[in-house]
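Colleague: Following is a predicted model, sequence given first.
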Amino acid sequence: MNLRRLVLLAGAIVLLVGVIGLLMPVSIPGPDNQKIGCGNAVAADDSAASQADSSNPVNLPILNEVVPHTDYVAQCQAAVSDRRTWTIPVAIVGVVLLAGSFLVGGRTARTG
């Protein structure tokens, strides 16, 4: 396998990992060990998290009890942001490797 094909294969694999990471669903742990869906890194969806926040007992007036407040919307936004932090650069590196594969090893010396 020559260098061009190796760089092309590596670029395709890295780009595929980045795109799959962008499209995979993001979720956070919710109340009672349920998973709260947050959409994916391309399109975030905080509706389930805001619904979990509205049903959180901290929003109900309970006298003489301290209930820890968990902000599920903020956790969803952080989880989606973390996913974007690594998937976007991985996808960009994949595109650069694919573009670079057309520049590497393209010239061969002809002897005649």
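Modeller: Everything's here; your move. Numbers count the residues shown, from 1 in each chain.
Colleague: what about stretch 33-43, how long is it end to end?
Modeller: Stretch 33-43 stretches 24 Å from its first residue to its last (Cα to Cα, to the nearest Å).
Colleague: what helix or strand is Cys38 on?
Modeller: Under the criterion of DSSP states H and E, Cys38 resides in strand 35-40.
Colleague: And that strand, how far out from the chain middle?
Modeller: 12 Å (Cα atoms, centre = their mean, to the nearest Å).
Colleague: Can you report how many residues lie near the residue nearest to Arg5 when sequence neighbours are not counted?
Modeller: Of all residues not flanking Arg5 in the chain, Ser101 sits nearest, at 7.8 Å (Cβ to Cβ, 6 or more residues apart in numbering). (C-beta placed from N, C-alpha, C; glycine too.) Per other Cβ atoms under 10 Å, the neighbour tally for Ser101 reads 20.
Colleague: State the pLDDT value of Ser101.
Modeller: Looking at Ser101, its pLDDT stands at 88.
Colleague: And Ala74, by the same measure?
Modeller: 92.
Colleague: Just say helix, strand or coil for it.
Modeller: Of the three states, Ala74 takes helix under DSSP: H, G, I helix; E, B strand; the rest coil.
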